[in-house]
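[1] Let's see this in three dimensions:
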Amino acid sequence: MRVLVIGATGFIGLPVSQALVRTGHIVYGLTRTAEKAKQLQAEEVIPVIGEYMEPSKWLIPSLIATLDVVINAVGSEVRSKDPFADRRVFQVLTEVAQQSRPSYAPKLNYILTSGTLLYGPDHKEIVTDTTSTPVEKLLDFVKPFHEFEQEVLHDTILNTLIIRPGLVYGRSGSLTARLFSQAKAGETIKWFRGPSGVVNAVHTDDLANLYVLATEKAQLVGGNIFAGVNDASESTEDILRSLVSISGAKGYEYVDPSNPFEHGVTTWVTIRPYLGRTLLGWRPVKASIVDHLQIYFDAWKASVETGSSQ
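    As a prediction, the model looks like this:
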């Protein structure tokens, strides 16, 4: 299959691109700079250089007409710069696909990356990706993205599906890097005070495998939302205590959240990836954060020291 990964050098996008290449797919990767383009070429990914905020310059008909799947793996740090960029990218993609692809061709598949905050807070029940979260339960700052998800899922031009990753760990760290950097410095580790006692997480390798399976079976599972989390129920307390133990940090303390994202990471909800298992045959195999914390901490330190972190 021919696949375009948007955000191909990011913490989610690069492992996804590598996994797709390993399984025999032809992969194009959007990146912003010539330097990052060389990194993609070294991974056997065909680079497409462009700014996410300017999709009309790189979502060109000659490329879109040849693709089977487009994966939007752009991270929150890019999206935060322009909250309307996701919708603009999607609109341009649908327009170009409609104009450039033959009427007899299968629909172009589109996989949107979202997040587990869209499952909303739930202190009582275990939530699965078959569960419908009432909009009124969602945190206010994610409601606009929920509306966008619905637009994507009900689009008539593309065949669409959504993956909602949890806290991504492993390799260079993602959100765990915030904790690891404090621990490495020997500081008191600070995390956000809130109601959450549970972390919904996924190793970057397992998440990449989920995207590969979704890519290969997209025509069969369009219209679904998949939870990208493992089956471990890890507590924030366990992670913080274990990190102090292995790193020599002074200890840990809770601080008040200062922005919507920090409020969001303390949202209490326990999630199980039912649809990934049943429809895609997805089986996360990597150890949980606590179980292999020393390995993950050492890997993050090595990635910083060698300059290989994303």
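[2] What helices and strands are in contact with the longest helix along the chain?
    Ranked by number of residues, the top helix in the chain under DSSP state H is helix 85-100. On a contact count with 3 or more C-beta pairs under 8 Å, 6 or more residues apart in numbering; DSSP states H and E, helix 85-100 meets helix 61-64, strand 69-72, helix 76-79, strand 109-113, helix 143-153. The C-beta positions use only the backbone N, C-alpha and C, and glycine is treated the same way.
[3] Out of the ones you listed, which is closest to residue 99?
    helix 61-64 (6.4 Å; C-beta to C-beta).
[4] Show me which parts of the closest one are buried, residue by residue.
    63-64 (16 or more other C-beta atoms under 10 Å).
[5] now the longest helix of the chain, how far from the chain's geometric center?
    21 Å (C-alpha atoms, centre = their mean, to the nearest Å).
[6] Pull that helix out as PDB, backbone CA atoms only.
    Extracted in PDB, the C-alpha atoms of helix 85-100 (Å, rounded to 0.1, in the frame of the first residue of the first chain):
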ATOM      1  CA  ALA A  85      -5.200  23.500  11.200                       C
ATOM      2  CA  ASP A  86      -6.600  19.900  11.500                       C
ATOM      3  CA  ARG A  87      -9.900  20.900   9.900                       C
ATOM      4  CA  ARG A  88      -8.100  22.800   7.200                       C
ATOM      5  CA  VAL A  89      -5.900  19.800   6.400                       C
ATOM      6  CA  PHE A  90      -8.900  17.600   6.300                       C
ATOM      7  CA  GLN A  91     -10.900  19.900   4.000                       C
ATOM      8  CA  VAL A  92      -8.100  20.300   1.500                       C
ATOM      9  CA  LEU A  93      -7.500  16.500   1.500                       C
ATOM     10  CA  THR A  94     -11.200  15.800   0.800                       C
ATOM     11  CA  GLU A  95     -11.300  18.400  -2.000                       C
ATOM     12  CA  VAL A  96      -8.100  17.100  -3.700                       C
ATOM     13  CA  ALA A  97      -9.200  13.500  -3.300                       C
ATOM     14  CA  GLN A  98     -12.500  14.200  -4.900                       C
ATOM     15  CA  GLN A  99     -10.900  16.000  -7.800                       C
ATOM     16  CA  SER A 100      -7.900  13.800  -8.500                       C
END
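[7] What are the buried residues along it?
    Under 16+ other C-beta under 10 Å, the buried positions of helix 85-100 are 85-87, 89-97, 100.
[8] Then stretch 269-285?
    Going by 16+ other C-beta under 10 Å, stretch 269-285 has these buried residues: 269-273, 275-277, 279-280, 282, 284.
[9] again with stretch 144-160
    By neighbour count on 16+ other C-beta under 10 Å, the buried set for stretch 144-160 is 145-146, 148-149, 152, 155, 158-160.
[10] Including pLDDT and distance to residue 79, could those go into a markdown table?
    Below are those laid out as a markdown table (pLDDT from 0 to 100; distance: C-beta to C-beta, whole Å):
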| residue | pLDDT | distance to residue 79 |
| --- | --- | --- |
| 145 | 90 | 9 |
| 146 | 92 | 14 |
| 148 | 94 | 11 |
| 149 | 95 | 13 |
| 152 | 97 | 14 |
| 155 | 97 | 19 |
| 158 | 98 | 20 |
| 159 | 98 | 23 |
| 160 | 98 | 18 |
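[11] which among those gets closest to residue 264?
    Minimum distance to residue 264 across the buried residues of stretch 144-160 is 11.3 Å, recorded for residue 145 (C-beta to C-beta).
[12] Who are the contact partners of residue 59?
    Counting by C-beta atoms under 8 Å, 6 or more residues apart in numbering, residue 59 touches 89, 92-93, 96.
[13] how much space between it and residue 67?
    10 Å (C-beta to C-beta, to the nearest Å).
[14] Could you tell me how many residues sit around residue 230?
    For residue 230, the count of nearby residues is 25 (other C-beta atoms under 10 Å).
[15] Ok, residue 221 next?
    17.
[16] Not counting sequence-adjacent ones, nearest residue to it?
    With sequence-adjacent residues excluded and distances taken as C-beta to C-beta, 6 or more residues apart in numbering, residue 221 is closest to residue 279, at 5.1 Å.
[17] How about the contacts made by the one you found?
    Residues near residue 279 by C-beta under 8 Å, 6+ apart: 217, 220-221, 224, 226.
[18] same question, residue 271
    116, 119, 126-129, 166, 200, 227, 229.
[19] Are any of those buried, and if so which?
    Buried among those by 16+ other C-beta under 10 Å: 116, 119, 127-129, 166, 200, 227, 229.
[20] Pick out whichever of the residues you listed sits closest to residue 41.
    residue 166 (31.0 Å).
[21] What ranges does the stretch 201-310 of the chain have for its strands?
    Listed in chain order, the strands of the stretch 201-310 of the chain (DSSP state E, counting those that start in this stretch) span 201-203, 225-228, 234-235, 251-255, 270-272.
[22] And the contacts of the fourth one?
    Same thing as strand 251-255. Counting by C-beta under 8 Å, 6+ apart, strand 251-255 makes contact with 188-193, 240-241, 243-244, all of which sit outside it.
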